[in-house]
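Peer 1: coords below, sequence missing:
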């Protein structure tokens, strides 16, 4: 029996949501714990997670390794894997890469839409590629086993991260731009380079990443998944729902503007649609994973491919990616 | 073959010192990583340690458990256990107790000479005992497996910590006040209560804690050790050398005054002797542990008692103290 894994969620966490993960048979979720927060603020978010782990030990448990995910499955709990969508949490201090890894961080985006100290985001007009510090941080993330996530990065930066990294990287939540040409979706050039280097793409269910937005049908989504599996290899694709369940619109405002501007920035939205967009009716929460699994079958994918996309691919990726580089003794 | 453990050092760490630990057959050292530093500053100190672990993997390795100490011994390295001499590192945030434990902290003093948010230090005229927050923090330290260290605390605070704590506590570096009545040394009342609850005393080699200071002889020290083993039980005593090797006097000034005063405070020293006092000639660095082992035998202790005091007692204490409270499943 495979394990279902969601490659990205950022919900307004609650007992209800944790119970829905169990009802949906979701074995592991990569959760965003921080966007623009400093290191100390990120630690406060970890403290909040520690209280959830203490409050709901029958529902959730922190995972630092693939083995932790398997143990969570065997004990009927959902494994929680920490990630950051921006490198703000490491400030300008490369030593924090190892410290954050020790605290359980397993994914970190090098950029979130904007230029960071490390690379350029997908909303910048000019893509710097990896910066001097960016190259050093990629090496350090490789050393400790903190996965590089380029979901919100620019094309050149992403290709340079794939090239520089000695270990496979991830795009945890995005779709092919060929299918839906959003700034956040990825070119076939990026997706092929990602797949050829053993990287992973988590297919996003965030409406701005879907053709037709919230009106995208399950069949359209699953047909796109099948084509992406053809392009990248069926072992290189998973789900990264980008589910922002129960979040107030103030949160999408924080995600988009952090503290980098005093002005309004609508990101993927617009003045007409400034808040979180409505989700497709076939995916509102973690209980809807069964529907996607059925849809993938109906799109013509075989059982192994479906199990891979639903979670086994992420699990293998966790296995290879989360520990320190193996050094010959 | 037993393992030699030093229950406290705060040296000006260097390859030379790490090599001397190996030459002295020291299997584990509880090292002070922070005094008055904030959380973020403490993390910088951990980052410095991470660089030492990376630079000297053949000499030292971080230990989080007694099993790590045994593995270090089997691979011919010295296990490094992190500790704090003051709760400044947890600021006023009980959530940092678990975070610091995750980062490897295994001992934390509730006070360093002065009143803290948690308890009173041994230099305060008024001993508050455990504060409201102090009682909460003791419970939280118990829960996660962070050992309460009362080396620099007042008598009432120490007795209340022993009483409140559901797990044995430690006085990692001090001697009996009956032998040498320094403010930092401990009454028989405290030592008996500590021993009866399974706690540990690390005997100090810091000259201000020794009868006769730096002129104290090895035989006097070892005779005191034998009497303390009689008082507390031979399994309740270890070494906590308080070795501050190669430190400039600016460091003892930081230890004494931190940021709590703008005036000079000589602590255990005096205007005549403001710096670190000269060590006894039979204990200058980690290579001198063999001499203490011989001295303990000559003081009439049996082989089991000697092996216990030299390290096996600390190792058993680590085994019981460093993990989370066992919860029935």
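Peer 2: Yep, it's here. Keep in mind that what you see is a predicted model, and the values were worked out from it rather than measured.

Peer 1: can we go C-alpha only for contacts and neighbour counts from here?
Peer 2: Noted.

Peer 1: what's the helix or strand harbouring residue A:162 in contact with?
Peer 2: Element membership for residue A:162, per DSSP states H and E: helix A:155-164. With contact meaning CA atoms under 8 Å, 6 or more residues apart in numbering or on different chains, helix A:155-164 is reached by A:119-122, A:127-130, A:135, A:138-139, A:148, A:150, A:168-169, A:186-187, A:190, A:193-194, A:197.

Peer 1: in helices only, show me those residues.
Peer 2: The members of these that map onto helices under DSSP state H are A:135, A:138, A:139, A:190, A:193, A:194.

Peer 1: would you check how far apart the closest residue to residue A:98 other than its chain neighbours and residue A:90 are?
Peer 2: Nearest non-adjacent residue to residue A:98, counting by CA to CA, 6 or more residues apart in numbering or on different chains: residue A:144, 6.2 Å away. According to CA to CA, to the nearest Å, residue A:144 and residue A:90 sit 14 Å apart.

Peer 1: so residue A:106 sits right up against residue A:144, yeah?
Peer 2: No. Residue A:106 lies out of contact with residue A:144 (CA atoms under 8 Å); the separation is 9.6 Å.

Peer 1: so these two - more neighbours on which side?
Peer 2: residue A:106 (27 against 20; other CA atoms under 10 Å in any protein chain shown).

Peer 1: number of nearby residues for the closest residue to the more buried one other than its chain neighbours?
Peer 2: Ranked by CA to CA, 6+ apart and with sequence neighbours excluded, the top spatial neighbour of residue A:106 is residue A:146, at 4.8 Å. Neighbourhood size, residue A:146 [other CA under 10 Å]: 27.

Peer 1: and what of residue A:259?
Peer 2: 11.

Peer 1: residue A:36 is in contact with that one, correct?
Peer 2: Yes. The pair residue A:259 / residue A:36 is scored as a contact, 7.4 Å apart, by CA under 8 Å.

Peer 1: what sits closest to whatever residue of the stretch 51-200 of chain A ends up closest to chain B if chain neighbours are left out?
Peer 2: Across the stretch 51-200 of chain A, the shortest distance to chain B (CA to the nearest CA) belongs to residue A:95, at 5.5 Å. Nearest residue to residue A:95, sequence neighbours excluded (CA to CA, 6+ apart): residue B:47, at 5.5 Å.

Peer 1: also residue A:257?
Peer 2: residue A:265 (6.3 Å).

Peer 1: contact partners for the one you found?
Peer 2: The contact partners of residue A:265, by CA under 8 Å, 6+ apart, come to A:253, A:256, A:257.

Peer 1: in helices, which of the residues you listed appear?
Peer 2: Mapping the contacts of residue A:265 onto helices (DSSP H) picks out A:253, A:256, A:257.

Peer 1: specify which member of those is nearest to residue A:313.
Peer 2: Ranked by distance to residue A:313 (CA to CA), the ones in helices among the contacts of residue A:265 are led by residue A:256 at 30.0 Å.

Peer 1: so how many other residues sit close to the closest one?
Peer 2: 22.

Peer 1: give the contact list for residue A:5.
Peer 2: By CA under 8 Å, 6+ apart, the contact list for residue A:5 reads A:26, A:27, A:28, A:29, A:239, A:310, A:311, A:312, A:314, A:315.

Peer 1: oh, that last question was meant for residue A:114, not what I typed.
Peer 2: A:120, A:121, A:122, A:123, A:124, A:153.

Peer 1: same check on residue A:174?
Peer 2: Contact analysis of residue A:174 by CA under 8 Å, 6+ apart lists A:151, A:184, A:185, A:186, A:201, A:202, A:203, A:204, A:209, A:240.

Peer 1: tell me which element the residue nearest to residue A:274 when sequence neighbours are not counted is part of?
Peer 2: Distances taken as CA to CA, 6+ apart place residue A:266 nearest to residue A:274, at 6.0 Å, with adjacent residues excluded. Here residue A:266 sits in a region with no helix or strand, counting by DSSP H and E.
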